[in-house]
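Undergrad: predicted model follows, preceded by the sequence.
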Amino acid sequence: MPPIKKYLFTPGPAPVPPEVLLEMARPIIHHRTPEFSAALDQARKRMQPLMGTRQEVILLAASGSGAMEAAVTNLLRPGEHAIFVDGGKFGERWGRILSAHGMIGHQIKVEWGRAVRPEQIEDALHANPDARAVFLQASETSTCAVHPVPQIAELTRGRDVMLVVDGITSVGVFEQKMDDWGIDALVTGSQKALMLPPGLAMVALSDRALARAKEVKTPRFYFDLLRELRLQRDDHTTAWTPAVSLVFGLNKSLGMIHAEGLPQVFARHQLMAEAARAAAPALGLKLIAPDNPAPGVTGILTPAGLDGGRVVRHMRDALGVSVQGGQDQMKGKLVRIGHMGYVSPFDMLVAVSALEMALREAGYRDFESGAGLVAVQRRIERGA
Ligand SMILES: *Cc1c(COP(=O)(O)O)cnc(C)c1O
């Protein structure tokens, strides 16, 4: 018998609150209506503080990668140069999107679990004076590490180089100050901290990115950001049929986020992250990103010689607790516990309890049963 109650601690998709599920279960309405326009307007407004911007937030019916691709095709021409930080699967994706559209991507390779150093960006800018943009992740979900976006923005702000940030596991998890830092394009998606199913993406552009998008005529049709912006801002509608139910759901989930209070939401994520991290040393294990861990997902390295995939499968199939393993070079070596959105600090007790049991089942017993749980509980008790 599969477990009756299931827990979703994957770093996307993340759990959706019942209030939001109910909102999305309402009968579908037509999208060219005042009722839909009101929800669209409100959801776009409610997104702004999460992204730290007063710019218009553009909604797209797409997964997060759609907004990443839109940023590339709306801001660069084929043949133009760009720098991208490849510190994991999602950084690598920037490079793949750039080359798919004929741009020349200059890769900064970063060891998995590490943060790019601002000096590396500075060196790449000197080595590639033609680069028109720098692409990176605020939080590289595949390695559970964060990159120092504010320091990097200091380097791009004063140059004719745009900074494009994938905030897909950052927006709604920790503070983003798009305008103050000088991010030119910030993209995110619905299925992480925004407490929604997959299917919506968001992007905001700085004034200089908007000016750039006007000049750049790279072929694009569905993801035409200026067209979307004009329609969403001026006509309170979208260019194409929007993901109507998801937009209503987004408006609801953002209402919940603002009711909790953004500072409280960020503090809760920080507390969950610190609680999850505390389990690692208590179990005799190491973190993949000890120096710059992400607040939305915690990566714990499984012991050498143990099949990490078996740990993840046992947690999901036998215990009903879904986490995610490692990708590529970290396959079988990593357990990633997502703690984004509709998750409470107490949930980390469930995740770590299941992790302990699965580690034992896979043959690793170099810890006292409950040692990780005690560490998690102590951290929760200290509070945010
Ligand atoms: C989830 C995620 C994405 C988007 O992936 P989609 O599958 O297209 O939604 C992109 N970047 C990061 C950092 C992510 O965590």
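TA: Here it is on my side, so go on.
Undergrad: can you tell me the SS state at the residue in the stretch 201-350 of the chain positioned nearest to the ligand?
TA: Nearest residue of the stretch 201-350 of the chain to the ligand: A201, at 7.4 Å (Cβ to the nearest ligand atom). In short, each C-beta sits where N, CA and C put it, glycine included. Secondary structure assignment for A201 (DSSP: H, G, I helix; E, B strand; the rest coil): strand.
Undergrad: and it, how far from V187?
TA: Distance, A201 to V187, by Cβ to Cβ, to the nearest Å: 7 Å.
Undergrad: where do the contact lists of these two overlap?
TA: G64, A67, A70 (Cβ atoms under 8 Å, 6 or more residues apart in numbering).
Undergrad: now, of those, which are buried?
TA: Among the shared contacts of A201 and V187, the ones that count as buried by 16 or more other Cβ atoms under 10 Å are G64, A67, A70.
Undergrad: which of these lies closest to A304?
TA: Distance to A304 across those (Cβ to Cβ) is lowest for G64, with 33.1 Å.
Undergrad: does the residue nearest to the spatial centre of the chain sit in a helix, a strand or a coil?
TA: Closest to where the C-alpha atoms of the chain average out (Cα atoms, centre = their mean) is T169, at 1.7 Å. Following three-state DSSP, T169 is assigned to coil.
Undergrad: correct me, but V171 touches L186?
TA: Yes - assessed by Cβ atoms under 8 Å, V171 is found in contact with L186 at 7.1 Å.
Undergrad: more neighbours: those two, which one.
TA: With neighbours defined as other Cβ atoms under 10 Å, V171 and L186 compare such that L186 has more, 34 against 28.
Undergrad: may I have the phi/psi pair for the residue nearest to G309 when sequence neighbours are not counted?
TA: Closest residue in space to G309, ignoring its immediate chain neighbours: G332 at 4.8 Å, by Cβ to Cβ, 6 or more residues apart in numbering. Reported as degrees, to the nearest 10, the phi and psi values for G332 are phi 80, psi 0.
Undergrad: one more: P15?
TA: Torsion angles, degrees, to the nearest 10, at P15: phi -60, psi 150.
Undergrad: which residues touch it?
TA: Taking Cβ under 8 Å, 6+ apart, one finds L8, M195, G341, Y342, V343 in contact with P15.
Undergrad: now with 10 Å?
TA: P15 makes contacts with K6, Y7, L8, F9, M195, G338, M340, G341, Y342, V343, D347, as judged by Cβ atoms under 10 Å, 6 or more residues apart in numbering.
Undergrad: the residue of the stretch 201-350 of the chain closest to the ligand and L186 touch, don't they?
TA: No - judged on Cβ atoms under 10 Å, A201 makes no contact with L186 at a distance of 11.4 Å.
Undergrad: residues touching the closest residue to E140 other than its chain neighbours, list them.
TA: Distances taken as Cβ to Cβ, 6+ apart place G88 nearest to E140, at 4.2 Å, with adjacent residues excluded. Counting by Cβ under 10 Å, 6+ apart, G88 touches 110-114, 137, 139-145, 288-289, 327-330.
Undergrad: of those residues, list those near the ligand.
TA: Q137, T141 (Cβ under 6 Å from any ligand atom).
Undergrad: looking at the contacts of G88, which are in helices?
TA: Using DSSP state H, no member of the contacts of G88 sits in helices.
Undergrad: about what we covered before: the residue nearest to G309 is in contact with G326, isn't it?
TA: Yes - contact criterion Cβ under 10 Å: G332 and G326 qualify, at 6.8 Å.
Undergrad: quick one: the strands in the stretch 51-200 of the chain?
TA: Applying DSSP state E, counting those that start in this stretch to the stretch 51-200 of the chain gives strands spanning 57-61, 81-86, 104-109, 131-137, 139-140, 145-146, 162-166, 185-189, 200-205.
Undergrad: A259: neighbour count?
TA: 9.
Undergrad: now the strand or helix carrying it: buried residues?
TA: For A259, the host element (DSSP states H and E) is helix 244-260. Residues 244-255, 257 are the ones in helix 244-260 that count as buried (16+ other Cβ under 10 Å).
Undergrad: distance of the nearest residue to Q107 once chain neighbours are set aside from G95?
TA: In this structure, Q107 finds its nearest non-sequential neighbour in D86, 4.9 Å apart by Cβ to Cβ, 6+ apart. Distance from D86 to G95, counting by Cβ to Cβ: 6 Å.
Undergrad: now for these two: what residues contact both?
TA: G105, Q107, F135.
Undergrad: follow-up on the earlier one: joint contacts of V171 and L186?
TA: In contact with both V171 and L186: L50, M51, G52, A138, V165, M178, M202, A204, using Cβ under 10 Å, 6+ apart.
Undergrad: just to revisit the earlier point, who's more crowded, D86 and G95?
TA: D86 (23 against 18).
Undergrad: isn't the more buried one right up against L136?
TA: Yes - using Cβ under 10 Å, D86 makes contact with L136 at a distance of 9.0 Å.
Undergrad: what sits in contact with each of these two?
TA: By Cβ under 10 Å, 6+ apart, the residues touching both D86 and L136 are W94, I108, V110, V116.
Undergrad: okay, now the first one: neighbour count?
TA: Residues within reach of W94, counting by other Cβ under 10 Å, total 26.
Undergrad: residues in contact with it?
TA: Contacts of W94 were listed using Cβ under 10 Å, 6+ apart, and they are 68, 71-72, 82-86, 105, 107, 133-137, 164, 166.
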